[in-house]
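Participant: Just a sequence and a predicted model for now, questions to come.
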Amino acid sequence: MHPGQSTAEENPRVAIGEWIVAQGLAGANEVEILTGICERMNRAGLAILRASVAHNLLDPEFDARGVRWLRDQGGIEEAFPRSDDPLADREWLRSPFYHLLESHEPTLRRRLDATYRRGEFPMVDRFQDEGATDYLAFVLRVGESVRLGEGEGVVASWTTDVAEGFTADQIQLLAGVMPPLTLVFMLRTMNRTARTLIQTYLGSDAAQRVLAGNIVRGRAEPIRAVVWFSDLVGFTRISDAASPGTVLELLNDYAEAQVEEIEAQGGHVLKFIGDGILAIFPQDDMAQACARALDTAANLTGRIATLNTRRAAHGMPVTSTHIALHVGELLYGNLGSPRRLDFTVLGPAVNEAARIESFCASLEQAVIVSTAFAESSGEARRRLVSVGRYAMKGVARPQELFTLDPAYALSE
């Protein structure tokens, strides 16, 4: 080593490893990191043609995620949805990564020269057709205490197109970057997984507040918002007559319709209560929040009609929703014990919305809104028609209730 020369300058493995860690700590994403690795490998003489890194995800929609780099195209990210597609399963079962994970071998190499026997891995056959001369794959597993879900670690593969393939020193270099690469990719994956899970179970707005540091019991913000409370019509009757699997599928279908419509209009779903949903529309402009909530209710009517047509065609039970809309002052934040919290809304307005919803059946209306909602709705007030005054348990005085006027169901 020359005076002043560092180990990193002398050893590409050390230099690339240190660069990976630095980039990971700086917040670089996986595409940027893999691209940087391949560029540095090529400057070190490896002639990388293609590289791929993949890992499992703990995600309700996606089973795994990968990053690929191609010399002529750069880096791209791809996610693999959870699927029952037999073709996708067959492709995975015949992949080198699957073989590595199942065999518990740390590496897999195939020289793509005249000695190569095609047919073992269709993917590698294709790489040979594209000019690759050597294929090398690694799996690096992490300890069980740092795993999330079924993910055991990271798998990575590298191909070159030089005639002699990878040299022994180059293979050692590729193996040497696997620990820092795995560490950084797992760090990114855990961060992404935590955000996904919190958002999945709390909703986007509550998740952002929790991730921003609002995790202390009793810390709640006063807000004024539209309260949405809905449930399914005749759910008890359906659940008594149907199998558990059928009931679960029904709940999922109708919950999906409601959640997507609520979120499309800027609402936040806070809680599933059996077959019921509690949501809020917390905008500063309350007239606009009311208009969005009414649009959601009106749009949902059409969406459920389409859903019912599809379900009935398959002999599945169908239902509809009863919806109550109210406006009130709420506390929005943490409730519970120090180590088991719920991020939700509290206040009389929530209870009043639930009581208003109970009038939907007796008044034969799919949507009923309160006096406070009508008074806060601005121009949207013309879309409402009175259904009379009623006394509600726990509410001091009777109040006038309203429903959507069919002539003004949607805003213009």
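Facilitator: On my side now, so go ahead. Numbering: from 1, shown residues only.

Participant: Which parts of the stretch 1-150 of the chain are helices?
Facilitator: 7-10, 12-26, 30-43, 86-93, 96-103, 122-129 (DSSP state H, counting those that start in this stretch).

Participant: mean pLDDT for the ones you listed: which is lowest?
Facilitator: Mean pLDDT is lowest for helix 7-10 out of these, coming in at a mean of 48.

Participant: ok, back up a step: out of the helices of the stretch 1-150 of the chain, nearest to residue 162?
Facilitator: helix 30-43 (11.0 Å; C-beta to C-beta). Where C-beta positions appear, they are placed from N, C-alpha and C, glycine not excepted.

Participant: how far away is the residue nearest the centre of the chain from residue 181?
Facilitator: With distances taken as C-alpha atoms, centre = their mean, the residue of the chain nearest its centroid is residue 196 (4.9 Å). Relative to residue 181, residue 196 is positioned 22 Å away (C-beta to C-beta, to the nearest Å).

Participant: what does residue 159 give?
Facilitator: For residue 159, the distance to residue 181 - C-beta to C-beta - is 16 Å.

Participant: partners of the biggest strand by length in the chain, with directions?
Facilitator: Among the segments of the chain that qualify as a strand by DSSP state E, the longest is strand 321-337. Here strand 321-337 has these sheet partners by DSSP bridges: strand 220-232 (antiparallel), strand 340-346 (antiparallel), strand 367-369 (parallel).

Participant: weakest of the ones you listed by average pLDDT?
Facilitator: Minimum mean pLDDT among the strands paired with strand 321-337: strand 340-346, a mean of 90.

Participant: quick one, whatever helix or strand comes next after that one and strand 321-337 angle?
Facilitator: The helix or strand immediately downstream of strand 340-346 is helix 348-357, counting by DSSP states H and E. Here helix 348-357 runs at an angle of 150 degrees relative to strand 321-337 (axes from the mean of the first three to the mean of the last three C-alpha atoms, to 10 degrees).

Participant: Helix 348-357: how far from the chain's middle?
Facilitator: 30 Å (C-alpha atoms, centre = their mean, to the nearest Å).

Participant: picking up where we left off before, pull out the buried positions in the longest strand of the chain.
Facilitator: 321-328, 330-334 (16 or more other C-beta atoms under 10 Å).

Participant: Using CSV, write down the CA coordinates of it.
Facilitator: The C-alpha coordinates for strand 321-337 follow below in CSV (Å, rounded to 0.1, in the frame of the first residue of the first chain):
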residue,chain,number,x,y,z
THR,A,321,-75.6,0.5,2.9
HIS,A,322,-77.2,2.8,5.4
ILE,A,323,-75.2,6.1,5.8
ALA,A,324,-75.4,8.9,8.3
LEU,A,325,-73.6,12.2,7.9
HIS,A,326,-73.1,14.6,10.7
VAL,A,327,-70.9,17.6,11.5
GLY,A,328,-69.4,18.3,14.9
GLU,A,329,-66.4,19.0,17.1
LEU,A,330,-64.1,16.0,17.7
LEU,A,331,-60.9,15.1,19.5
TYR,A,332,-58.6,13.4,17.0
GLY,A,333,-55.7,11.4,18.5
ASN,A,334,-54.6,8.7,20.8
LEU,A,335,-56.8,6.7,23.2
GLY,A,336,-56.0,3.6,25.2
SER,A,337,-53.3,2.3,27.5
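
Participant: now the strands for the stretch 151-300 of the chain?
Facilitator: 153-160, 220-232, 268-273, 276-281 (DSSP state E, counting those that start in this stretch).

Participant: re the thing from before, from the strands paired with strand 321-337, which stretch is densest packed?
Facilitator: strand 367-369 (a mean of 26; mean count of other C-beta atoms under 10 Å).
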